[in-house]
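In: Here's my sequence, what's the structure:
(one chain, ligands or ions: 1)
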Amino acid sequence: MLRSPFSLNVADLLGKNASGREVTIEAPVDWGLELIALSPDEPMTAELMLHPISNGIAVTGRVEFVTIDTCHRCLDTTRRERSASIGALFDEALDDESYPLDGQEIDVEQMLRDEVILSLPLTTTCDDECTSVVEPAPIDLNTDSPEEEGDIRSPFAVLKDLLDPGE
Ligand SMILES: [Zn+2]
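Out: Residues are numbered from 1 along each chain as shown. Next up, the predicted model:
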């Protein structure tokens with residue numbers, strides 16, 4: 001079984017005289033929100049510092065990632081480089097304030113995902129000036145080719161039937 005890049009053995013940090021250690025994790029992820037998602041083609045990079053604390057591990061650092069943002073006005077997509085700062089605790093307390101320390105292992109995936117998602121704006125526009133609104137594609141009135149004449153009714157004829165069913 002492939003070991004998750006997010007699983008870290010922290011045995012060396014649990015001793016009495018342990019000192020901190022830096023870890024860099026680079027991995028493609030598919031995290032994101034509906035309109036803002038991390039690019040699967042560009043791995044996120046987390047540069048973490050693991051600090052021993054009395055009953056676990058404190059993790060600080062920074063994660064850098066690229067998102068593909070869909071403008072909520074015009075639906076254009078934009079590639080953006082983003083980052084989030086990390087600060088989390090891993091210990092054996094089963095509470096909401098920390099992530100689990102599992103023996104000598106911590107899995108930082110959920111923590112990183114939480115921090116990344118939290119850092120994302122709820123909506124995004126392609127640029128500050130975007131004033132476009134999403135409209136249905138315009139009906140092209142010139143698509144009827146001569147061969148199809150007679151077979152296809154114009155959209156206006158259909159619309160007229162709907163509006164005036166009695167005629
Ligand atoms: Zn836009």
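
In: which one is the most centrally placed residue in the chain nearest to, not counting chain neighbours?
Out: Central residue of the chain (CA atoms, centre = their mean): residue 32, 1.8 Å from the mean position. Distance criterion CB to CB, 6 or more residues apart in numbering; nearest residue to residue 32, sequence neighbours excluded, is residue 38 at 5.1 Å. In this view, the C-beta of every residue, glycine as well, is placed from N, C-alpha and C.

In: I'd like to know how far the one you found sits from residue 85.
Out: 17 Å (CB to CB, to the nearest Å).

In: Tell me which of these two has more neighbours.
Out: Between residue 38 and residue 85, counted using other CB atoms under 10 Å, the more crowded position is residue 38 (23 against 10).

In: Now do that one, the pLDDT please.
Out: pLDDT recorded at residue 38 is 96.

In: How about residue 137?
Out: 62.

In: Now do the same contact list for the residue nearest to the centre of the chain.
Out: 38, 67, 117, 120 (CB atoms under 8 Å, 6 or more residues apart in numbering).

In: which among these end up buried?
Out: Neighbour counting by 16 or more other CB atoms under 10 Å classes 38, 67, 120 among the contacts of residue 32 as buried.

In: what's the residue nearest to residue 32 sitting at in phi/psi?
Out: The phi/psi pair for residue 38 (degrees, to the nearest 10) reads phi -70, psi 140.

In: same deal with residue 127?
Out: phi -160, psi 170.

In: Equivalent analysis for the one 4 residues further on, please.
Out: Residue 131 adopts backbone torsions of phi -120, psi 10, taken as degrees, to the nearest 10.

In: give me every residue that touches it.
Out: Contacts for residue 131 (CB under 8 Å, 6+ apart) come out as residue 73.

In: at 10 Å what do you get?
Out: 73, 74, 125 (CB atoms under 10 Å, 6 or more residues apart in numbering).

In: Show me these that map onto strands.
Out: Among the contacts of residue 131, DSSP state E puts none in strands.

In: By neighbours, which of these wins?
Out: With neighbours taken as other CB under 10 Å, the top of the contacts of residue 131 is residue 125, carrying 18 neighbours.

In: Quick check: that residue touching residue 73?
Out: Yes. Counting by CB atoms under 10 Å, residue 125 does reach residue 73; the two are 5.7 Å apart.

In: on that earlier part again, of the contacts of residue 32, just say which sits nearest to the ion.
Out: residue 67 (15.2 Å; CB to the ion).
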